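Colleague: no sequence on this one, just coordinates:
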């Protein structure tokens, strides 16, 4: 005899760092059977201060193992996203005084060339006008 549809999130297996929130009925499918929303709150010790609410909607066609797999995939993608965000932040740093000097020199050069472009006839490159010898 098949197992009855599990509507209780608390009976699902989840990894450490997961707070199981109470399930709620979202509605019903075409057959009139309930669609249950399983909600968990995921926190990881590796990322303090971060939390992600993960919601899995399931009806009677989903087995308990499938719901657990969906939750595990959502947690895995959350961890991958958090790691990518951490790597992005690691690459950023405050500029040193030498880097600030380089940037300001490049900006000054750009402004000078911009002024020269404004003076040119084709608005692309500054070039010295041809010198005509009037002798």
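Modeller: Happy to help now that I have it. As the structure is a computational prediction, the values presented were derived from the model and not from experiment.

Colleague: What is the top helix by length along the chain packed up against?
Modeller: Counting by DSSP state H, the longest helix found in the chain is helix 64-91. Packed against helix 64-91 by the contact rule (3 or more CB pairs under 8 Å, 6 or more residues apart in numbering; DSSP states H and E) you find strand 34-42, strand 52-58. C-beta coordinates here come from the backbone N, C-alpha and C atoms, glycine included.

Colleague: Just after that helix, pick out the following helix or strand.
Modeller: Of the helices and strands lying after helix 64-91 in sequence (DSSP states H and E), the nearest is helix 97-119.

Colleague: Could you give the average pLDDT over that next one?
Modeller: The predicted model assigns helix 97-119 a mean pLDDT of 82.

Colleague: buried residues in it?
Modeller: By 16 or more other CB atoms under 10 Å, helix 97-119 has no buried positions at all.

Colleague: Report the residue ranges of every domain in this structure.
Modeller: What the record gives for the chain is the domain set 9-91, 95-127, from automatic domain parsing.

Colleague: Deepest-packed of those domains, please.
Modeller: The highest average neighbour count among the domains of the chain, using mean count of other CB atoms under 10 Å, belongs to domain 9-91 at a mean of 14.

Colleague: hmm, back to that, of all the helices and strands packed on helix 64-91, which one is nearest residue 18?
Modeller: Of all the helices and strands packed on helix 64-91, the one in closest proximity to residue 18, counting by CB to CB, is strand 34-42 (5.0 Å).

Colleague: just checking, what packs against the closest one?
Modeller: Applying 3+ CB pairs under 8 Å, 6+ apart, one finds that strand 34-42 makes contact with strand 18-20, strand 24-28, strand 52-58, helix 64-91.
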